[in-house]
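Colleague: following is a predicted model, sequence given first.
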Amino acid sequence: MLVGSIPLFVTVLRNGADLALPSIILGVVTGASVGWVADDPTGDVLTPCPVSVPRRLACRVVMAVSTSLVMAAAVVVAAAVLWSSRLVWAERIPESMFAAVVALAVGFWLLLRGDPGGGAPAVTSGALLPVLVAALAFRWPDVLPTFGPGPTHARWWMLVALGVLAAAHGARDTAAPSLYRRLFEDR
């Protein structure tokens, strides 16, 4: 997360007028840092506890998201108060959320497969997939969103919705009976 704030502070210190790229980097890195919840070194110790895996994951996600938001807000406030008021953080929310849900989906998928150290691949995926989507937007500008303003910028929210579905699917409790079993299995 602090690595994502370096370009913003360097640009502000150099009295740079364009803070778009540093704010994009800050937003994507902030969102991707949520993927560290996939690291579960205490999974073996906490498995016998009466707290279910999805509830434990939800607590870790809430803590990671709140920590990331507090850190990003501190960076934005420091940049605005110290030198510049040209940073508009609200424009970066969709990309940041997309990076977060991609990181969570990949991290949960790795946890579902039994990998307790899936944080690094989750963060990497969360940081690279928004950049890939924005790069592919140059090829298909009417279909995919880009980081800049425009008519397709709102399509990040559709990608966020797909990412939320993927993350919810990855966070399910595999030990719990499926809906199909609960509805159609003989009792």
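Modeller: Ah, there it is.
Colleague: what is the distance between the longest helix out of those in the chain and the centre of its chain?
Modeller: Using DSSP state H to define each element, the chain has its longest helix at helix 53-82. What separates the centre of helix 53-82 from the centre of its chain is 11 Å, taken as CA atoms, centre = their mean, to the nearest Å.
Colleague: then stretch 22-32?
Modeller: 10 Å.
Colleague: what comes up buried for that stretch?
Modeller: Neighbour-count burial for stretch 22-32 flags Pro22, Ser23, Ile24, Ile25, Leu26, Gly27, Val28, Val29, Thr30, Gly31, Ala32 (criterion: 16 or more other CB atoms under 10 Å). C-betas here are computed from N, CA, C, even on glycine.
Colleague: got the residues you listed as a markdown table, with pLDDT and distance to Val160 columns?
Modeller: Below are the buried residues of stretch 22-32 laid out as a markdown table (pLDDT from 0 to 100; distance: CB to CB, whole Å):
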| residue | pLDDT | distance to Val160 |
| --- | --- | --- |
| Pro22 | 76 | 22 |
| Ser23 | 75 | 18 |
| Ile24 | 79 | 16 |
| Ile25 | 79 | 19 |
| Leu26 | 77 | 18 |
| Gly27 | 79 | 13 |
| Val28 | 83 | 13 |
| Val29 | 82 | 17 |
| Thr30 | 81 | 14 |
| Gly31 | 81 | 10 |
| Ala32 | 82 | 14 |
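Colleague: redo the residues you listed as TSV? Include secondary structure and distance to Leu128.
Modeller: Formatted as TSV, these follow (DSSP: H, G, I helix; E, B strand; the rest coil; distance: CB to CB, whole Å):
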residue	secondary structure	distance to Leu128
Pro22	helix	18
Ser23	helix	18
Ile24	helix	14
Ile25	helix	13
Leu26	helix	16
Gly27	helix	14
Val28	helix	9
Val29	helix	11
Thr30	helix	15
Gly31	helix	12
Ala32	helix	8
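Colleague: which one among these gets closest to Pro130?
Modeller: Distance to Pro130 across the buried residues of stretch 22-32 (CB to CB) is lowest for Val28, with 5.3 Å.
Colleague: burial of the nearest residue to that closest one once chain neighbours are set aside, as a residue count?
Modeller: Counting by CB to CB, 6 or more residues apart in numbering, Val28 lies nearest to Ala99, which is 4.8 Å off, once chain neighbours are set aside. Residues near Ala99, counting by other CB atoms under 10 Å, number 30.
Colleague: also Met63?
Modeller: Met63 has 12 nearby residues by other CB under 10 Å.
Colleague: hang on, the earlier thing: in the longest helix of the chain, what's buried?
Modeller: For helix 53-82, by 16+ other CB under 10 Å, it's 53, 56-57, 60-61, 64-65, 68, 71-72, 75-76, 79.
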